[in-house]
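Participant: generate a structure from the sequence data that follows.
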Amino acid sequence: MLGLAGNEKVSHLVRENSISKGLALRFVAGETFEEALDIVRRQNEAGLAVTLDALGENVSGEAEAAAASQQYLTMLDGIASAKLNSTLSLKLTMLGLDISDDLCRANLRPVLEHARDLDTFVRIDMEGAVYTRRTLDLFYGFHEEFGDHVGIVLQSYLYRTGLDVEKAIDRKARVRLVKGAYAEPPAVAYPRKETVDAAYRSEMEQLLEAGNYPAIATHDEALIEAARDYVARQHIPYDRFEFQMLYGIRRDLQEQLVKAGYNVRVYTPFGRQWYPYFMRRMAERPANLFFVLKNLARS
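Facilitator: Predicted coordinates:
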């Protein structure tokens, strides 16, 4: 399923099928920014903070990359003018990382400058392992200048992440810790779930103890309970961290955590380029996958 996320033929089939598109909108907050803002507003009313993501990745032209930069500026303005509790998440391949680091840097700078002017926050998403080093190099270059207005994502299934967590703590960088959702070879990533979980738990505890407002991003109830237990044992205040979850997944658990007094932020993507994101979500939830495949076969 992760491999099919980049398959154009399958992409066309899935995007044109009304059943799969309808299911995708369980995980995607509409195809337009206006639709997404309405959903952000409803989530805020339920006590949930949001990070909004415009779907798309791996642009191949400079004009597309510049357009993505402008889109992020528009999003920051829209969030601010609507007075919503939402930050912004973005992918560097949307800003031209596949073309050059310099182009990506030039497109990212005005977004971070505008976020600083608006006193808000931008999270740089982590993509496949081939981008990890370049993404971190770009992030730390900007972090020196923009501080807590910019953060990063680290993926616990990569062997390197233990050292990356230590560096992030030392540099006081804001980290969202995730397990990882890309297909990676065993040369760079743990192949077994239990090993990934163990790495996640260790890195999570390090960040909770010494990190700068870490985001514990998981739907794994065992890991969430481990975080809650650790926070209780170490007497860590709830305002020192937040849980993060994906839009459309475990809404019941999101509500339970809010009622228990925790900060919860929902990663809320939108846009017409929903296919790769949708396929990664399907790979994580086999019941949804089988439902889609059955209906695709019928059509």
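Participant: the strands in the stretch 151-299 of the chain, which residues?
Facilitator: 174-178, 215-217, 242-246, 264-270 (DSSP state E, counting those that start in this stretch).
Participant: what angle sits between the third one and strand 174-178?
Facilitator: Going back to what we said before, that points to strand 242-246. Orientation note: strand 242-246 sits at an angle of 50 degrees relative to strand 174-178 (axes from the mean of the first three to the mean of the last three CA atoms, to 10 degrees).
Participant: pull up the pairing partners for strand 242-246, direction included.
Facilitator: strand 215-217 (parallel), strand 264-270 (parallel) (DSSP bridges).
Participant: need those strands in TSV (columns: distance to residue 280).
Facilitator: Any C-beta I mention is one placed from the backbone N, CA and C, and that applies to glycine too. Shown next, in TSV, are these (distance: least, CB to CB, whole Å):
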stretch	distance to residue 280
strand 215-217	14
strand 264-270	11
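Participant: so which of those gets nearest residue 195?
Facilitator: Residue 195 sits nearest to strand 215-217 of all the strands paired with strand 242-246, at 18.5 Å, using CB to CB.
Participant: what does the closest one rub up against?
Facilitator: Strand 215-217 is contacted by residues 151, 153, 174-178, 204, 207-208, 223-224, 227, 241-245, 265, 267 when judged by CB atoms under 8 Å, 6 or more residues apart in numbering.
Participant: how about the strands paired with strand 242-246 in TSV, adding distance to residue 167, mean neighbour count and mean pLDDT?
Facilitator: Shown next, in TSV, are those (distance: least, CB to CB, whole Å; neighbours: other CB atoms under 10 Å; pLDDT from 0 to 100):
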stretch	distance to residue 167	mean neighbour count	mean pLDDT
strand 215-217	17	24	98
strand 264-270	23	23	97
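Participant: to residue 77, which of these lies closest?
Facilitator: Comparing the strands paired with strand 242-246 by their distance to residue 77 (CB to CB), the top pick is strand 264-270, with 16.0 Å.
Participant: now what about the closest one, what contacts it?
Facilitator: The contact list for strand 264-270 (CB under 8 Å, 6+ apart) reads 27-33, 35-36, 39-40, 43, 47-55, 86-87, 89, 215, 217, 242-247, 254, 257-258, 277.
Participant: could you dump it to CSV, C-alpha only?
Facilitator: Coordinates of the C-alpha atoms in strand 264-270 are reproduced here as CSV (Å, rounded to 0.1, in the frame of the first residue of the first chain):
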residue,chain,number,x,y,z
VAL,A,264,-4.6,17.8,22.0
ARG,A,265,-3.9,19.0,18.5
VAL,A,266,-5.3,17.5,15.4
TYR,A,267,-3.3,17.2,12.2
THR,A,268,-5.9,18.3,9.6
PRO,A,269,-5.0,18.0,5.9
PHE,A,270,-7.0,19.4,3.0
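Participant: return the distance of that strand from the chain's centre.
Facilitator: 8 Å (CA atoms, centre = their mean, to the nearest Å).
Participant: next: stretch 135-152.
Facilitator: Its chain's C-alpha centre lies 16 Å from the corresponding centre of stretch 135-152 when counted by CA atoms, centre = their mean.
Participant: quick one: buried residues of it?
Facilitator: Judged by neighbour count (16 or more other CB atoms under 10 Å), stretch 135-152 contains these buried residues: 135-136, 138-139, 142-143, 146, 149-152.
Participant: which ones among those residues are found in strands?
Facilitator: 150-152 (DSSP state E).
Participant: reformat the strands of the stretch 151-299 of the chain as CSV; add distance to residue 74.
Facilitator: Output for those, formatted as CSV (distance: least, CB to CB, whole Å):
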stretch, distance to residue 74
strand 174-178, 23
strand 215-217, 24
strand 242-246, 23
strand 264-270, 13
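Participant: what's the closest of those to residue 123?
Facilitator: strand 174-178 (6.1 Å).
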